[in-house]
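Peer 1: My questions concern the predicted model and sequence given below.
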Amino acid sequence: VLKGSGVTLFRNAFLFSSFVVYMDISKQVIEDLSPFWRGGICANMAWMTIWPLDVVKSRAQSGKFEGVGMVQLLKDAAKDGHLWRG
């Protein structure tokens, strides 16, 4: 049940903080954008930012990589070219 919970917490913290940063930047750059579009654009940018961490989370929860740390999973996924595949 708790497999991959550490990497999930890390991913979510990074996701929410990047969303807030993108919202703040977008308010300074584009002033006349509606909140709906601003939130949608910033949410998509935040997900694109953390996508590699989501790949690591999925690998950690798969059970195929027992005892492998988060950094090593990220390196292996990058080496194999799996970071941006759906």
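Peer 2: Noted; the coordinates are in hand. Remember, predicted model here, so these are calculated numbers, not experimental data.

Peer 1: how near is the residue nearest the centre of the chain to residue 74?
Peer 2: What sits nearest the mean C-alpha location of the chain, by CA atoms, centre = their mean, is residue 50, with 1.9 Å. Relative to residue 74, residue 50 is positioned 12 Å away (CB to CB, to the nearest Å). In short, each C-beta sits where N, CA and C put it, glycine included.

Peer 1: still on that earlier bit, what's the residue nearest to the centre of the chain in contact with, if anything?
Peer 2: 11, 14, 15, 18 (CB atoms under 8 Å, 6 or more residues apart in numbering).

Peer 1: The third one: neighbour count?
Peer 2: Read it as residue 15. Neighbourhood size, residue 15 [other CB atoms under 10 Å]: 18.

Peer 1: Contact partners for the residue lying closest to residue 23 once chain neighbours are set aside?
Peer 2: Among residues not flanking residue 23 along the chain, residue 42 sits closest, at 4.9 Å (CB to CB, 6 or more residues apart in numbering). Contacts for residue 42 (CB under 8 Å, 6+ apart) come out as 19, 22, 23, 26.

Peer 1: before we move on, back to that, ok, and the closest non-adjacent residue to the residue nearest to the centre of the chain?
Peer 2: Using CB to CB, 6+ apart, the nearest residue to residue 50 is residue 15, at 4.8 Å.
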